[in-house]
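In: Give me a 3D structure for the following:
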Amino acid sequence: MLKITLLTSLLMGAFLFTGAQQHAVSYDYNRAPLTAGSNVQLPLGSIRAKGWLLKQLELQRDGATGHAEALYPEADNLGPGSDWLGGKGSGWERVPYYVKGLIALAYTLDDAVLKERALKWIRWTLDNQHADGSFGPEKMKDWWPRMPMMYAIQSYYEATGDEKVIPFFTRYFRYQLENLDKMPLYEWSKSRTADNIELVFWLYNKTGDQLLLALAQKLDQQAYPWANIYTDNAFYYQGDDFHTKHSVSVGQALKFPVVYGQLNHSPLYQQATAKGINHLIRDHGLAGIIASGTEFLSGKSSFQGVETCTVVEWMQSLETASRITQDAATGDRLEKIAFNVLPAQFSRDIRSHLYYTQPNQLFCKHGNSGFDEDYDGGILLSPYSGMGCCRYNMHMGWPYFVKNSWAATPDKGLAVIAYAPVEVNAVVAGSVPVKLNVETNYPFEEQIRIGVNPEQPAAFPLKLRIPEWCAAPEIKVNSARIAGVKKGSIFVLSRTWKKGDQIILNFPMKVIFSRQLNNSVTVARGPLVYSLKIDADYSIRKEHPVKGFFDYEVRPASAWNYALIIDRGEPAQSVSVQQKPMPENPFEQATTPVTLKLKAKRLPFWKISDNEMHAEEVPSGPVTSDQPVEEVTLTPYGSENIRISNFPVIGPPKPALKTFREDFTNGTLNNWVNYGQWFIKDGAIHSASNKGSWGYGIHGVKTIPTNVHFGDLSYEATVKLSSGGNAGLIFRVSGQNLGADAYNGYYVGIDVESGKIQLGKASARKWTLLKEYSRDLRKERIYHIRIEARGERISVYFEHMNKPIISVTDNEFSSGTIGLRSYDCLATIDNLNVKAL
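Out: Got it, this is the predicted structure:
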């Protein structure tokens, strides 16, 4: 074990933890057999936010976090009757979620009021541990809620050094080891076990108790096999079990393989997190930033959403993984989420939040979008948006980002996890106090200035993450340029540092266009993704009893349906970067300091969806428009609560397809857009079980290939049904949306229980049966279907018969895309072959 201990004097304590309780500083690195190279967290309070980042914490203090107990005063929530204070309520995860974020915010801001509020919960928990070692409410027998509360207590210990904490954890983990066989992990605790293991290792590094390694092994054995799931893209392989496809659990478990990989040293574990992220972004990525989840992983439609809990759990997982793997790409992903999606989840004053946000979001309002978990207030901007979990869990987002932005390294130096304006007070080179003063407006500027001020000259490394997106990074130390700096790497500056040394990082930011679904693009500059500036019309839907808190509905008050004009040879030349003075809060659209100007044309045919909850799917491109050229402004993704970030592109139409084939051997959904849950396994595509989705949005799931359009066609595939319901092929489709009959086009489906093969159509969300054919059909048998559509004549052939079993005449739809549909059915479809006739 590498251990640095500094017994601080009162003066030294003030240097390291100004305004916080003073105590000995101790960095406990991994003991054997844990991987020796992992970095560790700096104690809570070591890192102070400044500038724009401090403003976010202050808005949280004055807004949602500071008023949470007044907003949610019920005994089952955060009221004085909570069972987490000995009362009769049932606070389950809600109190631990809240306290986890609250205590991090309180000590990061060094705010006496917030500290006392947090300590009320912490003290009760520490002082009321049960005789058997368990803790929390007497009637609560669930392992899961204790996990976020343990993070809160860990943070408390880091900030105060309270001697009660180590014995408290020791008793609890012994209790857990003795009882896991009798009460195994299940559901939430089984999916979120990484939280537990991370804290077991934290205690092991302090005490060396070998029983803790046995506990970690047992926890791994009882948890979901996350390393295999991430490696094999197997999120939907667990049948009715929804936890491995639940977006919050998936994000929270991202750290599992690398955390436990410190003990088993398995390459499978060590590589699984990175592989999982690649799968998730490719198949479910929203604007290339984060995977969707409403609440299941939901593909990459431009109107799919991501839950606030998912955002903050991805962030914590990436913060943890970055410390362990020291991988530049992980830090890049963390910044992309933190600087784009996190601020998008909140109102500008952080008094309201959105349960779901969308890449193309035109509304914040009451209503049903068709999501799996389709809460009426899911996209309402409110302190009560959607389900209750997010209003408690969201508080950790910014404070955890601050406290994890730098880490201590085993070679007695410091490493950056994410760049932002902060002050870092730490110990290096064995026992030398150092202050790093990070001066920057990053990501709203390209330069980061780090003042290095050790109390005495000291030799130690500084490990600096060089972003992959930066083609020409530059590092200077005391004005001297450093050679060998490469993008997408961790660059180590190892030297003897003295007071007044200055590092300057220059990360030139080029505008990058990234391809998204339907040949649309997102526009990024550095870690910021940019969205169309839309005038937002806010109206108060409800005023809450707590003064200053409202439900808002938000609608666009300006045009939004634009396609960008981009120079194909030099795309970056199509953009003019506009810079203004840095405001106090850069996440306000009117004053945000960096905007982009581009040429664009409106698309009159791109309209608001028929359910009036979002825009229609981003049109397949390139597109044409006869509208005049206009100049449009793009602002940072997180600077407003409505946005367009997936843009169609003006250009000559692509030649019509003559054929389309898909046998799913590549194993990815890269060129498919899901409207409901589908997954690929064993060289075929499957409609997923929706059990556990509480009955919302689960009927009539569809999947559509991108940029496929046919008129007259021959369309064949094999179909196997493993349950009741029906499944089959859709064609001449447009207007695809979420919902059973939310498309315009034709459908040929098989229903084995009724013994029917049906041809029908959906139009304006109304289903019309055109004709059906009766036949003895069996589950688990593979059937061959072929459709011929010539003009208004549609014929259906079954099992390679020479004559059609169904022929009809219908002229409502003459062309469109093709795809697959399943209605309350577990179906397997393969060997798609489409030819233009």
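
In: show me where pLDDT drops low in this structure?
Out: Scanning the chain for pLDDT under 70 picks out the ranges 1-26, 691-698.

In: was I right about His709 contacting Lys658?
Out: No - with contacts counted by CB atoms under 8 Å, His709 stays clear of Lys658, the gap being 11.5 Å. Backbone N, C-alpha and C define where each C-beta goes, glycine included.

In: So between the two, which is more surrounded?
Out: His709 (18 against 9; other CB atoms under 10 Å).

In: Distance-wise, check the more buried one relative to Leu493.
Out: As for His709, its distance to Leu493 is 54 Å (criterion: CB to CB, to the nearest Å).

In: Would you mind listing the buried residues in stretch 264-274?
Out: Asn264, Tyr269, Gln270, Gln271, Ala272, Thr273, Ala274 (16 or more other CB atoms under 10 Å).

In: And whichever strand or helix holds the fourth one, what does it pack against?
Out: Okay, so that is Gln271. Using DSSP states H and E, Gln271 sits within helix 267-284. Packing partners of helix 267-284 (3 or more CB pairs under 8 Å, 6 or more residues apart in numbering; DSSP states H and E): helix 226-232, helix 256-264, strand 290-291, helix 308-325, helix 328-336.

In: Would it be right to say that Arg821 lies in a strand?
Out: Yes - under DSSP: H, G, I helix; E, B strand; the rest coil, Arg821 sits within a strand.

In: So it sits against Ala727, correct?
Out: Yes - the pair Arg821 and Ala727 passes the contact test of CB under 8 Å, sitting 6.7 Å apart.

In: out of the two, which sits in the more crowded spot?
Out: Using other CB under 10 Å as the criterion, Arg821 and Ala727 rank with Arg821 on top: 30 against 27.

In: Give me the distance between that one and Phe242.
Out: 21 Å.

In: Equivalent analysis for Lys779, please.
Out: The value you get for Lys779 to Phe242, if CB to CB is used, is 23 Å.

In: Over to Glu423. Which of the three states is it?
Out: Following three-state DSSP, we place Glu423 in the strand state.

In: Can you name the residues bridging to it?
Out: Arg48, Asn437 (DSSP bridges).

In: Run a quick neighbour tally on it.
Out: When neighbours are counted by other CB under 10 Å, Glu423 comes out with 16.

In: What of the one 10 residues further on?
Out: Counted with other CB under 10 Å, the burial measure for Pro433 works out to 20 neighbours.

In: ok now the helix or strand where it lies, how far from the chain's centre?
Out: Assessed by DSSP H and E, Pro433 sits inside strand 432-439. Strand 432-439 sits 31 Å away from the centroid of its parent chain (CA atoms, centre = their mean, to the nearest Å).

In: Next: stretch 743-754.
Out: The answer for stretch 743-754 is 34 Å, by CA atoms, centre = their mean.

In: got it, and stretch 800-811?
Out: 46 Å.

In: Likewise for stretch 407-414?
Out: The answer for stretch 407-414 is 28 Å, by CA atoms, centre = their mean.

In: which residues sit against that stretch?
Out: Outside stretch 407-414, the residues that touch it by CB atoms under 8 Å, 6 or more residues apart in numbering are 2, 4, 27, 29-30, 36-42, 322-323, 406, 415, 417, 424, 426-430, 434, 436, 460-463, 494.

In: of those residues, buried ones?
Out: Buried among these (16+ other CB under 10 Å): 2, 4, 27, 29-30, 38-42, 322-323, 406, 415, 417, 424, 426-429, 434, 436, 460-463.

In: among those, which are in helices?
Out: Among the buried ones among the contacts of stretch 407-414, the members falling in helices (DSSP state H) are Ser322, Arg323.

In: Among the buried residues of stretch 264-274, which one lies nearest to Ser317?
Out: Thr273 (7.8 Å; CB to CB).

In: correct me, but that closest one touches Gly251?
Out: No - using CB under 8 Å, Thr273 is not in contact with Gly251; the gap is 11.3 Å.

In: leaving aside the residues next to it on the chain, what's closest to Pro33?
Out: Leu263 (6.7 Å; CB to CB, 6 or more residues apart in numbering).

In: same thing with Gly548?
Out: Nearest-residue entry for Gly548: Arg351, 6.4 Å, with adjacent residues in sequence omitted and distances by CB to CB, 6+ apart.

In: Give me the number of neighbouring residues for the one you found.
Out: Arg351: 24 neighbours (other CB under 10 Å).

In: Over to Lys141?
Out: 9.

In: Correct me if wrong: it contacts Met183.
Out: Yes - if you go by CB under 8 Å, Lys141 and Met183 touch, sitting 7.1 Å apart.

In: So which residues of the stretch 51-200 of the chain form helices?
Out: 51-62, 68-71, 94-109, 112-127, 146-160, 165-179, 187-191, 193-207 (DSSP state H, counting those that start in this stretch).

In: Can I get these in CSV including mean neighbour count?
Out: Formatted as CSV, these follow (neighbours: other CB atoms under 10 Å):
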stretch, mean neighbour count
helix 51-62, 20
helix 68-71, 18
helix 94-109, 28
helix 112-127, 18
helix 146-160, 24
helix 165-179, 18
helix 187-191, 20
helix 193-207, 22
